[in-house]
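> predicted structure and sequence below. I'll ask about it afterward.
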Amino acid sequence: MTINFEYHDVEASERLEEFTTEKLAHLYKKFNMIVRADVFFKTENTSSDETGMICNIRLSVPGPRLFAEATNSNFMNSISESIKELDKQLTKKKGKMATY
């Protein structure tokens, strides 16, 4: 699995990349059908202190791509929320896949 990181109005961070890579590695162990992950970090000016740090993750898997987006007060929470959403989507997709 290859992981591509993109930053929009955010400074690149090794800590964020390591944290995301670790979380995606857990997903890959569970669902080895993942080919590639594109991770986008961006900030948004909002009136709420609880939002604004956005993490988008797009997974390339057989069939349609999977996508999850989360916004929180920090990137770590946004990453975790996106990963949880992708885990749900992958579980559902794996259940639908038939082996012949």
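Structure received. Computed from a predicted structure; not experimentally measured.
> can you tell me the centre-most residue of this protein?
Per Cα atoms, centre = their mean, the C-alpha nearest to the average position across the chain is that of residue 57, at 3.3 Å.
> wait, isn't it in contact with residue 68?
Yes. With contact defined as Cβ atoms under 8 Å, residue 57 and residue 68 form a contacting pair (5.3 Å). Yep, even glycine has a C-beta here, placed from its N, CA and C like the rest.
> any shared contact partners between these two?
Here residue 57 and residue 68 share the contacting residues 82, 83, 86, scored by Cβ atoms under 8 Å, 6 or more residues apart in numbering.
> most neighbours, which of these?
Within the shared contacts of residue 57 and residue 68, most neighbours by other Cβ atoms under 10 Å means residue 82, with 25 neighbours.
> between the shared contacts of residue 57 and residue 68, which is nearest residue 25?
Distance to residue 25 across those (Cβ to Cβ) is lowest for residue 83, with 10.7 Å.
> which helix is the longest one in the protein?
The longest helix of the chain (DSSP state H) is helix 75-96.
> how about that helix: buried residues?
75-76, 78-83, 85-87, 89-90, 93 (16 or more other Cβ atoms under 10 Å).
> mind listing the helices for the protein?
Counting by DSSP H, the chain forms helices over residues 14-30, 75-96, given from the N-terminal end onward.
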